[in-house]
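**Q** Here is the input, now give the coordinates:
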Amino acid sequence: MSDGKKPEPQEFTGLRSIFWPIHSYELKKFLPMAFMMMGILFNYSVMRGLKDSLVVTDMGAETIPTLKLWFVLPAAVLFMLAYSKLSNVFSKNGVFYIVVSFFLAYFALFAVVLYPCKDALTPDLLSGVSEGITKTFLTPIQGWVYSSFYIMAELWGSAMISLMFWRFANDVTSIKQSKRFYAMFGFVANGALIVSGSVLETVEDIRVITGIAVAICVFIIAVYYWLNNYVLTDPRFYNPDEIKKPKKKVKLSLGESLKYIATSKYLGYIALLVICYGISINLVEVMWKDQVSMLYPNKGDFKAFMGGLQIWTGSATIFFMLVGANILRRCSWFTSAMITPLMVFSTGLVFFGCIIFKGDMGPVVASCSSLTVLEVIAYAGLAQNVLAKGVKYSLFDSTKEMSYIPLDDELKSKGKAAVDVIGGRAGKSGGAAINFFLLAVVAKNIIPPMGSTKLAEIAPIVAVIFAVFMFVWFFAVYGLNKEFLKITSNKDSKGESKAA
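**A** You can find the predicted model right below:
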């Protein structure tokens with residue numbers, strides 16, 4: 001029986017509804033926001049490739065776990081404390097300008113002073129220091145110029161993408177408009193990965209690349225100013241009454257988060273997903289960058305290789321977004337959620353197998369191609385990184401967020417806050433802590449043979465740890481799917497009872 005209401009007509013039909021659901025009059029708002037996100041992603045991609053080329057070729061890939069665990073993590077905590085203080089004193093616009101100007105000032109200082117004068121600014125702290133934990137800590141301190149750049153590049157991603165851009169977008173975009181805008185932001189902005197990869201491949205002078213990052217910061221500030229003063233003043237583009245103000249975000253301490261997750265099997269499974277992804281990716285990436293540094297010890301060659309990574313990652317992300325959207329529509333949650341760990345596990349095993357059995361691969365590789373064994377290992381790691389990131393952005397993030405939908409409002413808000421605290425911290429720092437322990441304790445007295453490194457010598461141990469966390473990930477997906485079906489079936493049965 002009809003309820004007398006006419007169905008709302010679709011705003012767009014056919015291919016337009018899929019590939020470009022934006023009204024012509026909305027371009028004045030959509031394009032600047034998309035270009036602003038593209039600028040942020042461009043700097044993120046360029047800095048990510050550049051920081052690795054500086055640190056790995058100068059201090060070795062073994063330094064990355066130390067940097068992430070003992071320097072990046074405390075810096076992120078300090079940044080969030082400073083951000084909270086600034087938010088209490090300045091307006092949202094003022095905080096945005098201050099944060100971007102902070103990064104702009106550092107990148108300009110690096111290009112003009114720090115990088116050109118690196119040798120004069122580098123103290124000699126390692127003379128007479130033997131291998132061990134002391135040297136592990138002193139290495140990034142001695143190379144503080146490159147270490148500071150690594151830290152700032154890491155902060156840029158979390159501060160500008162997650163915090164600055166999306167908070168601004170949520171404040172000026174209605175729920176109805178966000179359903180059309182947000183996906184298109186990703187499609188347009190991910191082209192920045194391809195552009196940044198080309199820059200890393202073709203531009204040799206690091207000061208020029210950093211100068212481009214400074215110019216992008218100026219561009220971001222200019223676009224933000226223009227949007228606020230000449231676009232959002234028009235009620236067609238921004239009507240505060242149409243913006244559903246989000247509830248105050250639930251913030252839980254570390255202890256409260258642990259307690260909350262411990263009492264909910266459902267949330268525990270979600271936290272395991274996030275932790276296992278972070279740790280597994282970190283274990284593979286550090287080992288892979290170590291192998292790439294052996295193949296390309298020169299900073300320029302390493303940087304160009306990382307540029308190729310950005311190009312392939314950008315292309316794969318756009319492709320997997322299209323494929324992933326269809327998988328989510330056509331397949332079950334379990335199937336969609338299992339694709340990411342299966343992809344990470346299979347490509348990771350191939351990569352670790354290449355390192356562990358590289359001594360036996362020589363004749364096989366020589367008979368099949370003109371590549372060297374080290375090149376095969378580097379390209380295997382490249383493929384692993386590209387494919388893992390592609391399915392992560394398209395399927396892992398989507399299925400993880402979908403798993404919160406059946407929960408009630410309180411469990412959804414507090415549960416997500418708890419998973420963000422536990423899963424985020426453990427995932428990002430867990431892999432770094434494992435690598436740090438293995439290098440500082442297990443590999444302490446290992447003297448690698450010619451053509452190898454300490455990381456390569458402990459690859460079998462890392463591979464076993466990687467496999468353990470992957471099986472935990474599979475278990476978490478299976479367990480979460482059972483809980484997911486249980487909750488949804490209970491809600492469906494209650495709904496049928498009410499209808500009867």
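**Q** Which neighbouring elements make contact with the longest helix seen in the chain?
**A** Longest helix of the chain, by residue count under DSSP state H: helix 459-499. If you count contacts as 3 or more CB pairs under 8 Å, 6 or more residues apart in numbering; DSSP states H and E, helix 459-499 packs onto helix 265-295, helix 333-356, helix 409-437. For the C-beta atoms, the positions are set from N, CA and C on the backbone; glycine is no exception.
**Q** now the angle between helix 459-499 and the longest one, please.
**A** In this case it means helix 265-295. 150 degrees (axes from the mean of the first three to the mean of the last three CA atoms, to 10 degrees).
**Q** Show me what counts as buried in helix 265-295.
**A** Of the residues in helix 265-295, those buried under the neighbour-count criterion (16 or more other CB atoms under 10 Å) are 266-294.
**Q** And for the second one?
**A** Of the residues in helix 333-356, those buried by neighbour count under the rule 16+ other CB under 10 Å are 333, 336-341, 343-345, 347-348, 351-352, 354-355.
**Q** do the same with stretch 225-236
**A** 227-228, 231-232.
**Q** How about stretch 130-148?
**A** Neighbour counts over stretch 130-148 (16+ other CB under 10 Å) mark 136, 139-140, 142-148 as buried.
**Q** List just the nearest of the residues you listed to residue 386.
**A** Nearest to residue 386 out of those is residue 146 (CB to CB; 25.4 Å).
**Q** how far away is the residue nearest to residue 384 when sequence neighbours are not counted from residue 470?
**A** Excluding its sequence neighbours, the residue lying closest to residue 384 (CB to CB, 6 or more residues apart in numbering) is residue 347, at 3.8 Å. As defined by CB to CB, to the nearest Å, residue 347 lies at a distance of 11 Å from residue 470.
**Q** for residue 64, same thing?
**A** From residue 64 across to residue 470, the span is 21 Å (CB to CB).
**Q** In this structure, what helix or strand scores lowest on average pLDDT?
**A** The least trusted helix or strand in the chain, going by mean pLDDT, DSSP states H and E, turns out to be helix 14-19, with a mean of 63.
**Q** And the next helix or strand past that helix?
**A** Sequence-wise, the next helix or strand downstream of helix 14-19 (DSSP states H and E) is helix 27-59.
**Q** what packs against whichever helix or strand comes after that next one?
**A** Once the chain leaves helix 27-59, the next helix or strand it forms, by DSSP H and E, is helix 63-67. Judged by 3+ CB pairs under 8 Å, 6+ apart, the packing partners of helix 63-67 are helix 27-59, helix 133-142, helix 144-156, helix 265-295, helix 409-437.
**Q** Please name whichever of those helices is nearest to residue 475.
**A** Taking the helices and strands packed on helix 63-67 one by one with CB to CB, helix 265-295 is closest: 7.7 Å.
**Q** Using the three-state scheme, assign residue 448.
**A** Secondary structure, DSSP: H, G, I helix; E, B strand; the rest coil: residue 448 is coil.
**Q** thinking it is in contact with residue 459, fair?
**A** No. Checked against CB atoms under 8 Å, the pair residue 448 and residue 459 is beyond contact range at 11.2 Å.
**Q** what about the two, which has more around it?
**A** Between residue 448 and residue 459, counted using other CB atoms under 10 Å, the more crowded position is residue 459 (22 against 13).
**Q** what sits against that one?
**A** Counting by CB atoms under 8 Å, 6 or more residues apart in numbering, residue 459 touches 287, 352, 355-356.
**Q** Could you dump the residues you listed into TSV and include pLDDT and distance to residue 35?
**A** Below are these laid out as TSV (pLDDT from 0 to 100; distance: CB to CB, whole Å):
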residue	pLDDT	distance to residue 35
287	93	37
352	95	40
355	92	41
356	91	45
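**Q** wait, which of those residues is closest to residue 483?
**A** residue 352 (31.7 Å).
**Q** which residues touch residue 153?
**A** Neighbours of residue 153 in contact, by CB under 8 Å, 6+ apart: 44, 47-48, 50-51.
**Q** now that we have the residues you listed, which one has the most neighbours?
**A** For the contacts of residue 153, the largest number of neighbours (other CB under 10 Å) sits with residue 50, at 26 neighbours.
**Q** Residue 209 is in contact with that one, correct?
**A** Yes. Using CB under 8 Å, residue 50 is in contact with residue 209, at 6.2 Å.
**Q** Mind listing the shared neighbours of the two?
**A** Common neighbours of residue 50 and residue 209, using CB under 8 Å, 6+ apart, are residue 200.
**Q** residues contacting the residue nearest to the spatial centre of the chain?
**A** In the chain, the residue lying closest to the centroid (CA atoms, centre = their mean) is residue 157, at 7.5 Å. Taking CB under 8 Å, 6+ apart, we find residue 157 in contact with 44, 47-48.
**Q** Need the worst-confidence member of the residues you listed.
**A** Ranked by pLDDT, the contacts of residue 157 bottom out at residue 48 (89).
**Q** excluding its backbone neighbours, what's nearest that one?
**A** Closest residue to residue 48 apart from its sequence neighbours, by CB to CB, 6+ apart: residue 153 at 6.2 Å.
**Q** How confident was the prediction at that neighbour?
**A** Per-residue pLDDT puts residue 153 at 94.
**Q** Look up how far residue 31 lies from it.
**A** Residue 153 sits 27 Å away from residue 31, going by CB to CB.
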